[in-house]
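Colleague: fold the following.
(chains A and B)
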Amino acid sequence: GNSVTQMEGPVTLSEEAFLTINCTYTATGYPSLFWYVQYPGEGLQLLLKATKADDKGSNKGFEATYRKETTSFHLEKGSVQVSDSAVYFCALITNSGYALNFGKGTSLLVTP
Amino acid sequence: DTAVSQTPKYLVTQMGNDKSIKCEQNLGHDTMYWYKQDSKKFLKIMFSYNNKELIINETVPNRFSPKSPDKAHLNLHINSLELGDSAVYFCASSHHDRGTEAFFGQGTRLTVV
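Modeller: All right, here's what the predicted structure looks like:
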């Protein structure tokens, strides 16, 4: 079956630190990959996506590259801000699937 | 304009009651979903509808019954509420097409007391 594995949180960083949140997946076929972000008390928002191998998704300073050889889609940001504090979810959907499969989420806390 | 809207945002009710959560999307999507998020933030798919047809029905108690009167609406009715049903329920929608993302509502926080 399809599944997504994310690094366990919580992750606590100081402002301007470098962020990496690891995400690996197993899937049949060729999935599309997503990172969603959930700010406190809110719903999920799409942060970035990649639909084929070697694609790089980017948004708001965040980046992730679809690596088929390592089945990974790690999220990175060069300099985090306090406002980046949120829960980050890695997700996939296959071309025959009808729902996103989510990882368990990684909570990020950025301190001033 | 709210793309995916669900009501109510908060719902506090007693055990044994029956309640409904409504969801509407104005994005013209053909697929709608209900997800449950537990206290550890884990998101689990409950149901998926494509063009009003039930596609995914995960191992959810049959006290939960989704209803899709048209492609823009997917409501969730819950009978005989239990304490363990307390969670945040998210509605979402998408085009059933590889690579397109799902858009989520703001969530309904259900508390069963």
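Colleague: quick check, residue A:106 in contact with residue A:12.
Modeller: No - using Cβ atoms under 8 Å, residue A:106 is not in contact with residue A:12, being 11.4 Å away. All C-beta spots, glycine's among them, are computed from the backbone N, C-alpha and C.
Colleague: tell me which of these two has more neighbours.
Modeller: Between residue A:106 and residue A:12, counted using other Cβ atoms under 10 Å in any protein chain shown, residue A:106 has the larger neighbour count: 22 against 12.
Colleague: contacts only, for the closest residue to residue A:66 other than its chain neighbours.
Modeller: Distance criterion Cβ to Cβ, 6 or more residues apart in numbering or on different chains; nearest residue to residue A:66, sequence neighbours excluded, is residue A:50 at 3.9 Å. Under the criterion of Cβ atoms under 8 Å, 6 or more residues apart in numbering or on different chains, the neighbours of residue A:50 are A:32, A:33, A:56, A:57, A:64, A:65, A:66, A:73.
Colleague: tell me the residues of chain B that contact chain A?
Modeller: B:4, B:31, B:33, B:40-43, B:45, B:48, B:50, B:55-56, B:90, B:92, B:96, B:98-107 (Cβ under 8 Å from any Cβ of the partner chain).
Colleague: and the residue nearest to residue A:66, how far is that from residue A:23?
Modeller: 11 Å (Cβ to Cβ, to the nearest Å).
Colleague: also residue B:55?
Modeller: Distance from residue B:55 to residue A:23, by Cβ to Cβ: 26 Å.
Colleague: between these two, tell me which one has more neighbours.
Modeller: Neighbours were counted for residue B:55 and for residue A:23 using other Cβ under 10 Å; residue A:23 has more, 25 against 15.
Colleague: how about the contacts made by residue 70?
Modeller: In the absence of a named chain, this looks at chain A. Contacts of residue A:70 (Cβ under 8 Å, 6+ apart): residue A:24.
Colleague: the intended chain is chain B.
Modeller: residue B:52.
Colleague: residue A:24 too?
Modeller: A:4, A:5, A:70, A:71, A:72, A:73.
Colleague: regarding it, what is its secondary structure?
Modeller: Under the three-state scheme (DSSP: H, G, I helix; E, B strand; the rest coil), residue A:24 adopts strand.
Colleague: what's opposite it in the beta bridge?
Modeller: Counting by DSSP bridges, residue A:24 forms beta bridges with residue A:5, residue A:72.
Colleague: also residue A:35?
Modeller: On the basis of DSSP bridges, residue A:35 is bridged to residue A:48, residue A:90.
Colleague: just residue A:110 next, same as before
Modeller: Here residue A:110, judged by DSSP bridges, has bridge partners residue A:13.
Colleague: neighbours of residue B:36, how many?
Modeller: 20.
Colleague: what does chain A put close to chain B?
Modeller: Residues of chain A lying near chain B (Cβ under 8 Å from any Cβ): A:32, A:34, A:36, A:38, A:42-46, A:49, A:51, A:87, A:89, A:93-95, A:98-102, A:104-105, A:107.
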